[in-house]
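Trainee: Return a 3D structure for these sequence lines:
(one chain, ligands or ions: 1)
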Amino acid sequence: MRLVLLGPPGAGKGTQAQLLVDRLAIPQISTGDILREHVQRGSTLGIQARAYMDRGEYVPDDLVVRMVMDRLAQPDAREGFILDGFPRTVPQAQALESALAQAEQPLSAVLKFAISDDMAVRRLSNRWTCPECKRTYNMEFKPPAHDRVCDTDNSALERRADDDELTVRRRLALYREQTAPLEAFYRERGLLKEIDAEVREAEVAVRTNAALGVVP
Ligand code: ADP
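Mentor: Here you go, the predicted model:
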């Protein structure tokens, strides 16, 4: 299955992607995670991307598209993939569409997770992430069992540089402006499946399975 996950920051794309990885045995390709790894390593791409990311702006299309194409060429993506955080602009969606058409491997579905801006702010400004396994916690809704360490691997949890309220509001505005048009783009192609994601994670997972026709 070749999937795209769409939705504003805080909608739970990363969480649902991880559940789908287990269910479908295909890789999650999160452009945010890949970019953060580049920033951490101090690669050329990381140095270029960092300023945009810290301000909550999008990294230029050409850089992100090249990065995703390289990732899709890896052998583990041959049987399918879950794109999380890409495409985010119409030019990115067009680049993806033509690459997949050329490979005769079109998308299977696009899942759109919907939440309100207020819920996004509440989720993200309390979000802590495990730098090792990328699992996320929320001090209000889903705290870890022990203070600020990951339940899975005991790593010290971290806050993301762009999760303060002002930057979250900027990311939400940018989503509306640049990414929301992709909903129409994929609706026209008959690929869009909308999921109300303002409910608990487990319930979103049930709705996601139903939308994809996957038996858990
Ligand atoms: P979010 O929770 O906002 O969806 P991500 O982890 O997906 O966060 O992305 C974090 C940041 O990485 C974005 O704010 C942006 O700067 C950059 N980024 C990730 N994916 C893309 C993309 N497809 N195009 C441009 N910038 C991107």
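Trainee: So Val204 sits against Ile115, correct?
Mentor: No - using CB atoms under 8 Å, Val204 is not in contact with Ile115, being 9.8 Å away. Where C-beta positions appear, they are placed from N, C-alpha and C, glycine not excepted.
Trainee: joint contacts of the two?
Mentor: Overlap of the contact sets of Val204 and Ile115 (by CB atoms under 8 Å, 6 or more residues apart in numbering) consists of 12, 197.
Trainee: Run through who's touching the lowest-mean-pLDDT helix or strand in the chain.
Mentor: In the chain, no helix or strand scores lower on mean pLDDT, DSSP states H and E than strand 136-138, which sits at a mean of 90. Residues outside strand 136-138 that contact it (CB under 8 Å, 6+ apart): 14-15, 123, 126-130, 142-144, 150, 157.
Trainee: how about a cut-off of 10 Å?
Mentor: Applying CB atoms under 10 Å, 6 or more residues apart in numbering, the contact partners of strand 136-138 are 10, 12, 14-15, 18, 122-130, 142-145, 148-151, 157, 160.
Trainee: out of the residues you listed, which are inside helices?
Mentor: 14-15, 18, 122-125 (DSSP state H).
Trainee: Among those residues, which one lies nearest to Gln40?
Mentor: Distance to Gln40, by CB to CB, is smallest for Gly14 among those, at 17.2 Å.
Trainee: Just the helices from this protein, written as ranges.
Mentor: Using DSSP H, helices in the chain cover 13-24, 31-41, 44-55, 61-72, 90-102, 117-125, 165-174, 181-188, 201-212.
Trainee: Between the ones you listed, which one is closest to the ligand.
Mentor: For those, proximity to the ligand was assessed by CB to the nearest ligand atom; helix 31-41 is nearest, at 1.9 Å.
Trainee: chain center to the closest one: distance?
Mentor: Helix 31-41 has its C-alpha centroid displaced from the chain centroid by 13 Å (CA atoms, centre = their mean, to the nearest Å).
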